[in-house]
Structures are given as C-alpha cells and as structure tokens.
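Asks: Model the following, please.
(3 chains)
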Amino acid sequence: MTHHDHDDHDDHDHDHHDHDHKHPHASPQKDHDTGPVGAYEMLEETIRSLLIEKGVLTAQEIAAQVDLMDSRSPALGAKVVAKAWVDPDFKKRLLADTRSALAEVGIDIGTLADYRTVENVPGIHNVIVCTLCSCYPKLLLGIPPAWYKSLAYRSRVVVDPRGVLEEFGVELPEGTEVRVHDSTADLRYLVLPMRPKGTRGWSEADLAALVTRDCMIGTAISAVPKGKRKAA
Amino acid sequence: MTRQAKSQATSRAPEPGSRFAPGETVRVAERPALGHCRTPWYLRGKTGVVASVQGIFRNPEQLAYHQPGLPKRVLYKVRFEQAAIWDDYRGPAGDHLEADIYEHWLEPASRSAPDLEKAR
Amino acid sequence: MPSPKRKTMPRKGADGRATHDVGGLEFGAIDRHEHDLALWEKRTDAMLILLVGPKKGAFAIDAHRRVVEDYGQQTYDRITYYEKWIRAIRNLLVEQGIVSREEIDERLAEVRERFAKAGRKASKERVSW
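Replies: Sure, this is the predicted structure:
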C-alpha cells in the first residue's frame, strides 16, 4: 500500500506533542493510557470506530497498515543505496525505473505514486522538497522528519538551498551545482548520494551504515566517520 | 463509493501527443488557479527547459473534487535556473530547480524569454 | 512555540497565492527537533492510506490535499500535521456520504464520556466543522 505524503506541517508540531505524550522517545503505545486526551485524538478514535462499525475498514487492516509503516525506515533506503554503489547494473536500473528496482529487492511502493531517483555526482548535489505539502518516499524511507514537513523548510530550501545546506552542515566542493527538486506531482524523489572515498572493498552492510536518511533527502552527505577507516 | 483512480503508473517512453520535448524552452502560465493546483506560485510566469517527460497522469485539479480527471495529462520535469526564478538568489549561476509541471500549465517560450523574465 | 513570523505578503490575498503554497516565503529558522508519532497519529496515517487506496477508494488523495489547503490560514498554521489530516478525513467522509455529521458528533460524545469514565482528562476543544 502506498504512502500518502502530501502535507503541510506547522512549526510548532513539537509543542503539540506535549499533550500527545510526555516521553518523546517512549513507545507511542504507552502514552495512550495516561495523560490528557486531545480533541483530535478523540476524533481519530471516533472516526476509526465508525468506519469499523460500518465495515469500511477493519481493525486488523488498520493495525497491519500501522505495522507496515513502522517497518519502512531509512535503513531500507540505505540498503538500496549500498547495493547501487556496489552493483553498477542495479544502479542503472534504479535510475531508469526506481519502482521495478525496488521491487527486485522486495520493496513494494504501492499504487499511489511512482518514485524517481536522482543521483549526486561530482558537480551536482540534489535536494528534495515538497513546497505544497510534504510528498516524500515514505514507503521506502518511513515517515518524514517534522522539519521536512515544516513551513520553514518548504519555503526556504527552494529560494535559499545553500543557506539550508549550511545549516545542516553540508559543505560542497567549489563549483558544485545545487539542484532542488520540488515534488509537485505524484512522483517521489530519492537522492542517491555519492559513495564516500576510502570505502573500496567495503561490504554492502558496512556501506549501508554510511547512508543516513538525510543523505537521501539531500541535506547530508555520506562520509566515513573519523576513526572508522577500515583496512582495505 | 467512488472507485479509486487506477495506478498512476508512468511511462518513461516519449508520450504520443505530448506537446513539448526534452530540451524545449517552456514558460509556466501565469493565470489564477481555480481550486486545487500543483503548479507552485513561485514558478508562475517563469521560463525553464523541459528536462524530461514524466508520463501521463489523471488531472489532480479534478481528482481533488471527486472527478475522474480524464483525459490524462502529460507531466513534464522542467528545469529552471534559480537566478531566473528569484531576483535575489544567493547562489551561483549554475544552480537549478526542477519541478513536475502539467502540460496545461506550460506554454512555448522563445530562447530570449529568460531575459524578459529576469526583467520582471 | 510562538507562531512563525511572516515577513512577506499575506498568503491568501489579492495576489492569489494560496495558504499552503509557501515556496519562497519566510518562516524563520528550521526546527530540527524530532519526535515519535503518537499511536493516534499513526492510525490517522494508516486510515488515510487505506481510504485512498485502490481497495476502498473512498476519495482521491488529491481531495485530501484540497481539503487541507482550504483551511483558513489561522487553522493551517495553528494545528499540527496529523490534526490537519484527521480533520480532513472527517470532512471527506461526510462529503462522500460515508458517515454523517450527526453520527460523528454522537460518537465523539460517547468517546469523550468513555475517557472521562476511565479517569482521563479530555480536552474541551471542539474540532470545528
């Protein structure tokens, strides 16, 4: 089932979670038993119970979909990137037809939108945004971070991408083009970061560990952490 | 219940009947959007180059109102020079921005159009 | 957190820029704080995907976007991501005749009562129609 990821997120979402849960890093399931209940949380329960009662959805379907989304995370994307780094033919296929390449490795992105991969190469650094809502390759990378959905990111990265990249700590070589992709239609974008130097002969698993979520959005560059250089 | 629109699967092959080809200079229409629209405000009236043809899709402007959105419309990936979009762009001339724009929001533009856009 | 300062023109005004169409406007610093989703938010996400999917086809995803986009600027800026989503789902289910306003109001009252009986403090806020 594909992931719907348009949206519009306001900057103080993290404030509102005060009434959602008191422990930001605890399992969300725990907070359901304590603390005040918000109006929208009650609305969700209202709608869910009505839809189940009317046979529109079942509790099992909803639970399964929650589990599905929980299973999608940047680690999946990292595996795909690592595979593209070691296998040039897979990389070609990923760039030509991302949906099929993902299906090859068992990732189903559903029917809602197609995915496109844009490759960082020497001289071109890609950054992804959805200014109109928050389109994001969710079925590969999982739920997007709040900042990606924020008005501040959506508004600024198109007009001042270098300023945003600077804030994120990205340093680009002189002469690099910054190319911003606004996901305005039903296409989701994935950045294929450049393979870091000094990783010749690395296993796919070790390579995947170098690929963070932000690398695949374009707000980070994949690099070998200091002190982790391996023997060839 | 309305049936969900079929998969918006795309074809990477050249679209028959597509008005523009990769490499062609195009200008984003400058007109008010009536309701749901996926052509961002900041690109209206701007000139860019077709980077690729993304395929055909049901029209989101109609899907948004429970209409079938047919016939499908051609979608283009259009590449813009950042300096052509923003008067005060703080970056080198080589920076670009790409967006997926529907055919009915694009017009042909001459090669001299970018200069006109800058002067706006 | 205070409302983001808007140094640019009104988003919905004579120039025709819609509320959600924010490319190029100024909203201050990007807050990179991250947090886990609450269960109700995950369920909202799940319900939306199921409702717009090929099996149910309750409404198009584009309709969901349109409903969110039609929120007034105050609402748009004030309520959170999934609050926007669940409200839009509610409105679309009514729009499509899948549930009625009365059914929702009735069930909401029951839900509210159930939480009260369980000793949970329930927000008095009403989600406006």
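
Asks: mind listing the strands for the chain?
Replies: You didn't pick a chain, so chain A it is. All strands of chain A, identified by DSSP state E, fall at A:114-119, A:124-129, A:177-182, A:187-192.

Asks: Oops, wrong one, chain B.
Replies: Taking DSSP E to define them, one finds strands in chain B at B:25-28, B:47-57, B:73-81, B:96-102, B:106-108.

Asks: of the strands of chain A, which approaches chain B most closely?
Replies: Nearest to chain B among these is strand A:177-182; the distance by C-beta to the nearest C-beta comes to 4.3 Å. For every residue, glycine as well, the C-beta is placed using N, CA and C.

Asks: Run through the neighbouring helices and strands of that closest one.
Replies: strand A:124-129, helix A:151-159, helix A:161-167, strand B:96-102 (3 or more C-beta pairs under 8 Å, 6 or more residues apart in numbering or on different chains; DSSP states H and E).

Asks: Show me which residues of chain B sit near chain A.
Replies: Contact residues, chain B versus chain A (C-beta under 8 Å from any C-beta of the partner chain): B:7-10, B:12, B:38-40, B:42, B:54-55, B:57, B:60, B:75, B:82, B:85-86, B:89-92, B:94-102.

Asks: Return the members of these classed as buried.
Replies: Buried subset of those (neighbour count, 16 or more other C-beta atoms under 10 Å in any protein chain shown): B:8, B:10, B:38-40, B:42, B:54-55, B:57, B:60, B:75, B:82, B:85-86, B:89, B:91, B:95-102.

Asks: Let me have the strands of chain A in a markdown table, adding mean neighbour count and mean pLDDT as columns.
Replies: Formatted as a markdown table, the strands of chain A follow (neighbours: other C-beta atoms under 10 Å in any protein chain shown; pLDDT from 0 to 100):
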| stretch | mean neighbour count | mean pLDDT |
| --- | --- | --- |
| strand A:114-119 | 21 | 98 |
| strand A:124-129 | 24 | 98 |
| strand A:177-182 | 23 | 98 |
| strand A:187-192 | 24 | 98 |
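
Asks: To residue C:43, which of those strands lies closest?
Replies: In terms of C-beta to C-beta, the element of these nearest to residue C:43 is strand A:187-192, at 22.5 Å.

Asks: and the closest one, anywhere near chain C?
Replies: No. No part of strand A:187-192 sits close enough to chain C to count as contact by C-beta under 8 Å from any C-beta; the gap is at least 12.4 Å.

Asks: between that strand and strand A:177-182, how many degrees?
Replies: Angle, strand A:187-192 to strand A:177-182, by axes from the mean of the first three to the mean of the last three C-alpha atoms, to 10 degrees: 150 degrees.

Asks: OK, contacts around whatever residue of chain B ends up closest to chain A?
Replies: Residue nearest to chain A within chain B: residue B:100 (3.8 Å; C-beta to the nearest C-beta). Shown in contact with residue B:100 (C-beta atoms under 8 Å, 6 or more residues apart in numbering or on different chains): A:182, A:183, A:184, A:185, A:187, B:38, B:54, B:75, B:76, B:77, B:78.

Asks: So for chain B, the centremost residue is which one?
Replies: Chain B has residue B:101 as the residue nearest its centroid, 1.9 Å off, counting by C-alpha atoms, centre = their mean.

Asks: got the contact list for the longest helix along chain C?
Replies: The longest helix of chain C (DSSP state H) is helix C:101-117. Residues external to helix C:101-117 that are found in contact with it (C-beta under 8 Å, 6+ apart): A:37, A:42, A:43, A:45, A:46, A:47, A:49, A:50, C:90, C:94, C:122, C:129.

Asks: Equivalent analysis for stretch A:205-224, please.
Replies: By C-beta under 8 Å, 6+ apart, the list of residues contacting stretch A:205-224 from outside reads A:74-75, A:77-79, A:81-82, A:85-86, A:120, A:125-128, A:137, A:141, A:145, A:148, A:164-165, A:168-172, A:190-199, A:230.
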